[in-house]
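A.B. asks: Got a predicted structure plus its sequence, pasted below:
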Amino acid sequence: MAAVQRAKIHIQGAVQGVGFRPFIYRHATRHDLTGWVCNAPDGVYVEVEGPSERIQHFICTIESEKPAPAKIYSLKYHLLDPFGFSDFKIIKSLALGVNSTWVLPDIATCPECLAEIFDPQNRRCLYPFTNCTHCGPRFTIVERIPYDRPNTTMKAFDMCPACLQEYENPDNRRFHAQPNACPDCGPHLEFLNNEGQLLASDQKALEETAASLKNGAIVAVKGLGGFHLMVHAGNEEAIARLRARKHRDEKPFAVMMAADDVEKYGDITLLEKRALRSPEAPIVLLYKKKAVGDTSLDKLAENIAPGNPFLGAMLPYTPLHHILLHLLQHPVVATSGNLSDDTICIDNDDALNRLGHLADFFLVHNRGIFRHADDSIVRIMDNRETVLRRARGYVPFPVMFKHINASAVAVGGHLKNTIAVSKNGMAFPSQHIGDLDTTHTMATFDKAVQDMSRLYTIQPRFIIHDPHPDYSSTKRCSVLPGKKVPVQHHLAHILSCMAENMLDPPVLGIAWDGTGYGLDKTIWGGEFLKVKEKSYHRVAHLRTFALPGGEASIKKPYRTAIALLHAVYQDQIDEFFHLPPFQATRQNEVKPLLSMLKKQLNCPLTSSAGRLFDAVSSLLDVQHFNYYEGQAAMRLEHLAWSQRHSSAAYPFEWHVDEQNNAWFIDWEPMVRSILKDLKSQKKKALIAAAFHNTLAEMMVSVAKNVGKERIVLSGGTFQNRFLTERACQRLREKGFQVYTHQLIPPNDGGISVGQLYALSFYQ
């Protein structure tokens with residue numbers, strides 16, 4: 001008879017909130033082993049006792065048989081003398097150990113729960129808070145680790161006998177499902193007017209919400225990670241009112257629709273379908289189909305995404321959303337419950353206070369949201385998912401680091417802010433916080449720093465920040481304990497992509513975006529950085545030009561276009577007064593603008609690729625004002641897309657930047673060629689495509705001269721699918737290995753991860 005042994009096992013990773021303890025219970029009993037399993041701040045602990053061969057097989061099959069959402073990064077065990085356990089149990093969580101457990105992201109409703117809520121015979125029929133160990137809230141309700149009900153906002157609800165029986169039954173899929181609830185014991189809905197008066201409850205509240213949306217009302221709906229502002233997606237007048245109230249003139253709205261409706265409204269690929277139906281359930285950018293059907297109720301209103309060929313589509317990801325869309329039988333606009341650029345509301349009273357003038361009605365519930373999580377945004381580029389906004393469904397899964405073990409907090413940039421903490425060789429990025437321009441977003445930023453540090457028990461040795469002195473995140477560093485380490489903005493972009501792809505130097509990093517504080521105190525944004533062990537060098541950049549009025553030019557691309565023309569033609573500029581940028585300029589603005597450029601007054605220099613996009617967009621009469629960040633560049637990409645198979649490109653030149661020991665790429669020949677094509681009335685889509693192709697050829701040219709095999713692309717400009725795919729194609733054709741983003745945004749939402757990775761330069 002085989003000798004009896006006892007093994008003590010410590011498992012770390014995403015092993016709480018995924019049904020991991022129930023899995024271990026079933027796994028152990030299947031192997032006829034006795035012992036126990038429990039949660040602890042630093043993972044899951046298991047003791048199993050039985051014949052040595054069974055213990056070995058038990059341990060060796062944990063990884064292959066674990067629940068699909070679970071992620072194991074460490075499994076350690078050692079053997080002990082037998083104890084004499086009589087059975088196998090799930091025991092009370094331990095409070096010992098340093099927290100190293102991963103908190104799991106919120107997970108979309110699973111098929112089993114979805115079937116239950118539409119089963120008239122099921123006790124959870126039409127219950128909007130149905131969940132199990134395979135789905136439901138996690139990150140947004142966890143107050144502290146370990147992930148047990150008393151440590152979540154569900155502690156306010158005592159389980160009824162039926163739910164408790166499920167919770168304690170090892171054969172039930174709700175075995176130790178911490179948010180488990182039903183209509184008898186769980187959270188409830190209320191339908192309110194915008195003064196907070198109760199109008200309906202529970203199922204009636206959902207029916208009143210659907211009826212109000214059908215009648216053109218704006219309803220603030222409390223979901224998983226905060227409030228949405230919802231309107232009927234076929235009601236143009238209601239959407240116009242929402243835009244006016246939200247101060248969001250042209251920025252596209254996301255649309256939530258049933259899975260069966262997606263192909264009706266969008267041209268969808270297999271990869272896009274996979275992303276939409278994934279447990280993360282993000283917003284996915286799809287190409288819109290033309291409106292179908294004979295009535296307005298069959299169509300999506302044009303002002304959802306005016307002048308935009310894309311549709312931001314998402315599927316319902318909670319039972320509440322599934323039931324609401326079932327009642328409505330039509331897609332809804334579902335945009336963040338906030339004023340533009342402010343933090344999403346998560347509290348009922350705060351929502352009534354901040355959204356009362358935006359929404360006509362409120363659908364609220366009494367399950368607390370501990371931390372906000374906006375909807376994530378994904379775009380398929382280069383045949384892979386690229387996360388453009390990382391929040392619900394993805395946060396707070398970590399990025400593995402090869403070299404960094406120090407505890408640190410990285411505070412990110414100013415726009416699209418995220419923060420990140422590092423611990424035990426991992427970076428834990430926060431959810432999307434937003435632009436740090438308002439009191440609410442700064443309060444959210446402060447809370448995120450405290451929350452992530454507390455959640456992962458971080459006592460930071462380093463506080464890593466952008467060197468820009470005017471960034472709110474940089475200013476806030478002074479009150480945080482730890483050594484302050486500045487990391488240049490574009491280096492952080494490249495390092496974020498290197499971290500995600502687990503790359504070591506050397507690489508050539510191409511960091512293109514709108515704005516970043518340069519080492520020479522100019523505005524960088526078209527950078528080529530050779531990243532080496534412990535150092536980096538700016539080997540090339542796009543030619544600099546003046547930005548009249550600085551930030552004023554960012555919102556007014558016609559100013560950038562005039563600056564570009566002035567840089568090329570200077571005293572002959574009056575020959576171009578007939579061009580679209582001058583026509584978009586107020587008459588009394590032209591003379592002061594040209595005077596500023598001539599005298600170089602309030603005209604900071606920039607090498608920004610983003611501003612180059614703005615200028616060409618205005619030259620082609622595509623967009624003269626940025627009503628939201630990147631609008632002119634996006635519209636130029638949309639124009640070029642129809643000619644994406646064209647390989648035509650414009651000339652450019654190389655020059656030596658002796659002052660900075662670098663080269664610069666001169667776009668002047670390209671600008672002259674664009675003006676010639678405009679004069680000859682060449683199709684603007686072809687000009688836009690040639691502009692994109694030229695930028696890709698600039699990258700190839702620098703890569704060939706630098707001679708580094710591995711090329712890393714990062715920065716907000718690489719949200720552009722045309723540019724990213726053309727650059728990847730051309731660089732690969734020339735034999736380079738190209739690395740792009742996938743789970744960390746290429747925009748400033750990824751800066752914090754790159755800042756943490758920079759610790760390898762400073763440790």
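C.D. replies: Good, I have the coordinates.

A.B. asks: Let me see the domain layout of this protein.
C.D. replies: Following automatic domain parsing, one gets these domains for the chain: 4-90, 189-365, 390-502+748-762, 540-739.

A.B. asks: now, of those domains, which is deepest in the fold?
C.D. replies: domain 390-502+748-762 (a mean of 22; mean count of other C-beta atoms under 10 Å). (Glycine included, C-beta is placed from N, CA and C.)

A.B. asks: Present the domains of the chain as CSV; the columns should include distance to Ala108 and mean pLDDT.
C.D. replies: Converted to CSV, the domains of the chain look like this (distance: least, C-beta to C-beta, whole Å; pLDDT from 0 to 100):
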stretch, distance to Ala108, mean pLDDT
domain 4-90, 11, 87
domain 189-365, 4, 93
domain 390-502+748-762, 7, 91
domain 540-739, 24, 95
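
A.B. asks: tell me the contacts of Lys76?
C.D. replies: The contact partners of Lys76, by C-beta atoms under 8 Å, 6 or more residues apart in numbering, come to Ile9, His10.

A.B. asks: Bridge partners for it, pull those for me.
C.D. replies: Following DSSP bridges, Lys76 is listed with bridge partners His10.

A.B. asks: nearest to Ser376, of the domains of the chain?
C.D. replies: With C-beta to C-beta as the criterion, Ser376 lies closest to domain 189-365 of these, at 3.9 Å.

A.B. asks: Can you give me the end-to-end span of the closest one?
C.D. replies: Using C-alpha to C-alpha, to the nearest Å, the span of domain 189-365 from its first residue to its last is 4 Å.

A.B. asks: now for the lengthiest helix in the chain, which elements pack on it?
C.D. replies: Ordering each helix of the chain by length in residues (DSSP state H) puts helix 684-706 first. Applying 3 or more C-beta pairs under 8 Å, 6 or more residues apart in numbering; DSSP states H and E, one finds that helix 684-706 contacts strand 507-517, strand 523-532, strand 535-542, helix 609-619, helix 631-641, strand 662-666, helix 668-679, helix 721-733.

A.B. asks: Tabulate the ones you listed (CSV), appending distance to Thr694.
C.D. replies: Shown next, in CSV, are the helices and strands packed on helix 684-706 (distance: least, C-beta to C-beta, whole Å):
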stretch, distance to Thr694
strand 507-517, 13
strand 523-532, 13
strand 535-542, 11
helix 609-619, 10
helix 631-641, 11
strand 662-666, 10
helix 668-679, 5
helix 721-733, 10
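
A.B. asks: These: which one's closest to Ala177?
C.D. replies: Ala177 lies closest to helix 721-733 among the helices and strands packed on helix 684-706, at 39.5 Å (C-beta to C-beta).

A.B. asks: The helix or strand just after that closest one - contacts with which helices or strands?
C.D. replies: For helix 721-733, the succeeding helix or strand toward the C-terminus, using DSSP states H and E, is strand 737-739. With contacts taken as 3+ C-beta pairs under 8 Å, 6+ apart, strand 737-739 sits against strand 710-714, helix 721-733.

A.B. asks: 10 Å instead?
C.D. replies: Contact here means 3 or more C-beta pairs under 10 Å, 6 or more residues apart in numbering; DSSP states H and E; on that basis strand 737-739 packs against helix 489-500, strand 507-517, strand 710-714, helix 721-733.

A.B. asks: would you turn the ones you listed into JSON lines with distance to Phe545?
C.D. replies: Listed next are the helices and strands packed on strand 737-739 as JSON lines, based on distance: least, C-beta to C-beta, whole Å:
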{"stretch": "helix 489-500", "distance to Phe545": "18"}
{"stretch": "strand 507-517", "distance to Phe545": "14"}
{"stretch": "strand 710-714", "distance to Phe545": "23"}
{"stretch": "helix 721-733", "distance to Phe545": "20"}
